[in-house]
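**Q** model this:
(2 chains)
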2 protein chains.
Amino acid sequence: MVGVDVGGTFTKAVLTDATGTVLAEAHRPTPRPGPGVAERVVELAGRLTEELGVRGPAPLAAAGLVVPGTVDERHGTAVHSENLGWRDVPFADLFARRTGLPVAFGHDVRAGGLAESRLGAAAGVRDTVVFLPLGTGIAAALLLDGRPYAAGGAAGEIGHVRVASDEPCVCGLTGCLEAVASAAAVARRYRRASGRPADGAKEVAALVAAGDPVAVAVWREAVDALAAAVCWLAAVLAPHTVVIGGGLSSAGDLLLDPLNRRVTDGLTFHRRPVITRALLGDRAGALGAALLAAETATTGRPTGV
Amino acid sequence: MVGVDVGGTFTKAVLTDATGTVLAEAHRPTPRPGPGVAERVVELAGRLTEELGVRGPAPLAAAGLVVPGTVDERHGTAVHSENLGWRDVPFADLFARRTGLPVAFGHDVRAGGLAESRLGAAAGVRDTVVFLPLGTGIAAALLLDGRPYAAGGAAGEIGHVRVASDEPCVCGLTGCLEAVASAAAVARRYRRASGRPADGAKEVAALVAAGDPVAVAVWREAVDALAAAVCWLAAVLAPHTVVIGGGLSSAGDLLLDPLNRRVTDGLTFHRRPVITRALLGDRAGALGAALLAAETATTGRPTGV
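**A** Numbering: from 1, shown residues only, chains lettered A, B, ... in the order given. All right, here's what the predicted structure looks like:
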C-alpha cells in the first residue's frame, strides 16, 4: 500500500506491507498555493505513489491520499483549505484517474488518528479513542468504538471553542483553545509576554524545565485550556484513550503530567481517559492514508475515513 | 409494543402500534428506594406491561424498560443509580423472566433521545442529533448519524463539566453546568439571590418575562452556561440538531432565543446546530422504550440503546 499525506510544507508518502510496517518512504515540498494547486498536488501524490510502488514486493493494490482542511470523505472531496487555498476539489476522482488504482481519500488528522489507534499509541484499544495533535492548529480526530466519526468533515473542530478570557484568535473569536494551547500559540505568547525570542514551543518547554517564570505561566495557561478540552471530550464521548500528538507533545511528561492532574481535578464520576503521547510522529497521516488504502483494496469502496 | 420508563417519582408506560402511535398509557408511583427496590421496579414494570398489553390489537411481540442512572445497555444491566439506590442490576434478564417476552433494556435519557429523533422534534433528521433534557439534572443523549452512542453508559455526562466560576455542585466540583442551568438550579439560585420563594423554573421564567432583575440575571447565567455546552457539542460532534427537553424547555422562546444568539456568537466556521424544543414531553422515555422493544422484536437482539 502507498499512503500520501499532503502537509502545509511537506508532502510525505509511505510504502507499507499489509500489517502497516513501513517498507519505504519519501517526501517532497508541497506545491505552493495558487491557481492549479490541487492539480499539482494530485500530480505530486501520483508521482510519489509510482516511485514507492515499484519498490514493493508486488504491484500496488491501492493508494491513499489525505489532505488538511475540511474534508468530506463520503463524497471524496476537499471542501476547503485555508492554507492551500482550494475549495470543492474532487480529490478521490482526480487521484484515481492519475494512478489508475483503487484509491482512498481522507482527512490528515482523522487519518493520523486512525493510524495511532491501529498501529500507534492506542493500538489494541477497541473502544473510543480521541487523537489530539497540537501543532500550528488544534483539531481532534474521533474514533468512536473504533470507527472514524467525521460528520461530513465538521467533527472535532475543538480548536475554536472559548476556553480563556481574552486571547484573540485568527478565527475572529477570542479565547479559543488554539489561541492559547497550540504549539504556535505557546511560542507566540511567550515572545509577547517576555519580549524575548523563541523559535517554537520546544524552546518554551526548555525554559519551563529551567524554571523561567514567564514560560511557566504561559505553559500553565496552555495546560489549563487543554485540560478543559479533555474534560469536555471525556464528558461527551467518554473515550478510553486520548492521544496527544503534534509539536507540543514532544515536551512529553512536562505536558502530560500537569495535564493528567488537571483533568483528574476536573472530572468526577466520569470515565477518566488514559492520556498518552502519540507514537507515530509526522508519519501518522501517511500511515493512516495507507490504512485507508488497505481498506479500499479489501472492500472495494472508493473512499476512506 | 409496550415501553416502560422508570422515573424518580413516577413510572410511565405506553402501548404503541408499530409506527410509535400511542394506543394507551398508564403511570404509577415508582417504588421507594431501599432493599429490594430493583425487584419491585421489575414487578411494577411487568404489571404495567400486562395491563397495557391486553389492550392491544394482538399479543405483545416485545416490551422495553428504561431506567435512570448509569446503564450499560450492552450487558443489559443498571450499573448504578444514586436516586434509586441500586448497583449492577441485571434488569434485562429480570424483566424478560417477569414478562416471558423478548425485551429491550436501556437508559431513560438515551431512549428519550431516540424517541425525539424518530418520532419527535428531530424526526426525519438522519445525521447527528443531541437530546439535552434540562430537568433536576442534566445529561445528553447522543444519536450519531442516527445510532445511539453510549460508551458503556458513560457518554453524555455533560452536567458535570465546569462552565461557571464558583457555584458549588452536588458532585463535589464547582461551577458545573447542572449547578447553574438545570431547572432545579435555576429555581434554587433565584431563591438564594432574591430571598424570595420560587417553586420551580417555571415560576422563574414568568419573573424573567415580567422583567424581575434577579430572575433575569439567574436566567442569563443559565443561558450562558448552556450556550457553552452547546458550543462544545457543536465543535466535537457537529450535530445537525440539538433538542432541548426537560422542565426548563417549557419556557420555549424565552430560553431558545437567547440560547440561539449565544451559540451563534460562540461558533465560527463550525456547523451551527438547529436548536429546537422537545415535542414528546414526559412520554419520551417510555416511547423510546417502545421503540427499543420494536427493534428487539425485529432483530431478536435482547437489549437496546
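**Q** and the residue of the stretch 201-305 of chain A nearest chain B?
**A** Closest contact between the stretch 201-305 of chain A and chain B, by Cβ to the nearest Cβ, is at residue A:238 (3.5 Å). Every residue, glycine included, has its C-beta placed from N, CA and C.
**Q** so who does that residue touch?
**A** Residue A:238 makes contact with A:128, A:270, A:271, A:273, B:151, B:152, B:154, B:155, B:157 under the criterion Cβ atoms under 8 Å, 6 or more residues apart in numbering or on different chains.
**Q** and with 7 Å instead?
**A** By Cβ atoms under 7 Å, 6 or more residues apart in numbering or on different chains, the contact list for residue A:238 reads A:128, A:270, A:271, B:151, B:154, B:155.
**Q** what's the farthest-apart pair in those?
**A** Using Cβ to Cβ, the two most remote members of the contacts of residue A:238 are A:128 and A:270, lying 13.0 Å apart.
**Q** so which of those two has more stuff around it?
**A** Comparing residue A:128 with residue A:270 by other Cβ atoms under 10 Å in any protein chain shown, the one with more neighbours is residue A:128, at 28 against 20.
**Q** contacting residues for that one?
**A** Residue A:128 neighbours (Cβ under 7 Å, 6+ apart): A:143, A:144, A:145, A:237, A:238, A:239, A:240, B:151.
**Q** which of these are buried, as a PyMOL select command?
**A** A single PyMOL command selects the buried members of those (16 or more other Cβ atoms under 10 Å in any protein chain shown):
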select buried, (chain A and resi 143+144+237+238+239+240) or (chain B and resi 151)
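**Q** Serialize the contacts of residue A:128 to JSON lines and add fields for distance to residue A:75 and pLDDT.
**A** Output for these, formatted as JSON lines (distance: Cβ to Cβ, whole Å; pLDDT from 0 to 100):
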{"residue": "A:143", "distance to residue A:75": "21", "pLDDT": "96"}
{"residue": "A:144", "distance to residue A:75": "21", "pLDDT": "95"}
{"residue": "A:145", "distance to residue A:75": "24", "pLDDT": "90"}
{"residue": "A:237", "distance to residue A:75": "25", "pLDDT": "98"}
{"residue": "A:238", "distance to residue A:75": "30", "pLDDT": "98"}
{"residue": "A:239", "distance to residue A:75": "27", "pLDDT": "98"}
{"residue": "A:240", "distance to residue A:75": "30", "pLDDT": "98"}
{"residue": "B:151", "distance to residue A:75": "28", "pLDDT": "94"}
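**Q** would you mind putting the contacts of residue A:128 into a markdown table with distance to residue B:256 alongside?
**A** What follows is the contacts of residue A:128, written out as a markdown table (distance: Cβ to Cβ, whole Å):
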| residue | distance to residue B:256 |
| --- | --- |
| A:143 | 33 |
| A:144 | 29 |
| A:145 | 32 |
| A:237 | 26 |
| A:238 | 28 |
| A:239 | 30 |
| A:240 | 35 |
| B:151 | 28 |
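**Q** let me know the helix or strand that the closest residue to residue A:171 other than its chain neighbours is in.
**A** Excluding the flanking residues, the one nearest residue A:171 by Cβ to Cβ, 6 or more residues apart in numbering or on different chains is residue B:268, at 4.3 Å. Assigned by DSSP states H and E, residue B:268 belongs to neither a helix nor a strand.
**Q** residue A:258 too?
**A** Secondary structure from DSSP H and E places residue A:258 in helix A:253-266.
**Q** so how far is that helix off the chain centroid?
**A** In terms of Cα atoms, centre = their mean, to the nearest Å, the centre of helix A:253-266 is found 21 Å from the chain centre.
**Q** who's in contact with stretch A:165-183?
**A** In contact with stretch A:165-183 (Cβ under 7 Å, 6+ apart) are residues A:134-138, A:158-164, A:185, A:189, A:200-201, A:221-222, A:225-226, A:229, A:246-248, B:268-269.
**Q** ok, 8 Å please
**A** A:134-138, A:158-164, A:185, A:189, A:200-201, A:221-223, A:225-226, A:228-229, A:246-248, B:266, B:268-269.
**Q** now that stretch: how far from the chain's centre is it?
**A** 19 Å.
**Q** again, but for stretch A:28-42
**A** Per Cα atoms, centre = their mean, the centroid offset for stretch A:28-42 relative to its chain is 20 Å.
**Q** again with stretch A:271-286
**A** How far stretch A:271-286 lies from its chain's middle: 9 Å, per Cα atoms, centre = their mean.
**Q** centre-most residue in chain A?
**A** residue A:109 (3.0 Å; Cα atoms, centre = their mean).
**Q** contact partners for that residue?
**A** So residue A:109 contacts A:68, A:131, A:133, A:139, A:140, A:141, A:156, A:285 (Cβ under 8 Å, 6+ apart).
**Q** tell me which element it falls in.
**A** Residue A:109 belongs to helix A:108-118, assigned by DSSP H and E.
**Q** could you export that helix as CSV, CA atoms only?
**A** C-alpha atoms of helix A:108-118 as CSV (Å, rounded to 0.1, in the frame of the first residue of the first chain):
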residue,chain,number,x,y,z
ASP,A,108,-5.0,14.3,7.5
VAL,A,109,-5.9,14.4,11.2
ARG,A,110,-8.5,11.7,11.1
ALA,A,111,-6.1,9.5,9.1
GLY,A,112,-3.4,10.2,11.7
GLY,A,113,-5.9,9.2,14.5
LEU,A,114,-6.8,6.0,12.7
ALA,A,115,-3.1,5.2,12.4
GLU,A,116,-2.4,6.0,16.1
SER,A,117,-5.4,3.8,17.1
ARG,A,118,-4.4,0.9,15.0
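**Q** get me the contact residues on the stretch 1-150 of chain A for chain B.
**A** Within the stretch 1-150 of chain A, the positions lying close to chain B (Cβ under 8 Å from any Cβ of the partner chain) are A:70, A:127, A:128, A:140, A:142, A:144, A:145, A:149.
**Q** change it to 7 Å
**A** Within the stretch 1-150 of chain A, the positions near chain B by Cβ under 7 Å from any Cβ of the partner chain are A:127, A:128, A:144, A:149.
**Q** shouldn't the last one be in contact with residue A:140?
**A** No: under the contact definition of Cβ atoms under 7 Å, residue A:149 does not touch residue A:140, with a separation of 10.3 Å.
**Q** which of the two has more neighbours?
**A** A side-by-side neighbour count of residue A:149 and residue A:140, using other Cβ under 10 Å, places residue A:140 first with 26 against 22.
**Q** among the contacts of residue A:128, which pair sits farthest apart?
**A** The span of those, defined through Cβ to Cβ, is set by A:143 and A:238 at 13.1 Å.
**Q** count of residues packed around residue A:90?
**A** Neighbour count of residue A:90, defined by other Cβ under 10 Å: 15.
**Q** give the contact list for it.
**A** Residue A:90 sits next to A:76, A:77 when contact means Cβ under 7 Å, 6+ apart.
**Q** again, only this time at 10 Å
**A** Neighbouring residues of residue A:90 by Cβ atoms under 10 Å, 6 or more residues apart in numbering or on different chains: A:38, A:75, A:76, A:77, A:78, A:96, A:97, A:105.
**Q** measure it to chain B for me?
**A** 21 Å (Cβ to the nearest Cβ, to the nearest Å).
**Q** is it true that residue A:25 lies in a strand?
**A** Yes: membership of residue A:25 in a strand is supported by DSSP: H, G, I helix; E, B strand; the rest coil.
**Q** so what's it up against?
**A** Counted by Cβ under 10 Å, 6+ apart, residue A:25 has contacts A:2, A:3, A:12, A:13, A:14, A:15, A:16, A:48, A:52, A:283, A:286, A:287.
**Q** now with 6 Å, please.
**A** With contact set as Cβ atoms under 6 Å, 6 or more residues apart in numbering or on different chains, residue A:25 has these partners: residue A:14.
**Q** the inter-axis angle of the longest helix seen in chain A versus helix B:213-237?
**A** As assigned by DSSP state H, the longest helix anywhere in chain A is helix A:213-237. Between helix A:213-237 and helix B:213-237, the angle comes out at 80 degrees (axes from the mean of the first three to the mean of the last three Cα atoms, to 10 degrees).
**Q** elements contacting helix A:213-237?
**A** On a contact count with 3 or more Cβ pairs under 6 Å, 6 or more residues apart in numbering or on different chains; DSSP states H and E, helix A:213-237 meets helix A:177-181, helix A:183-194, helix A:201-209, helix A:253-266.
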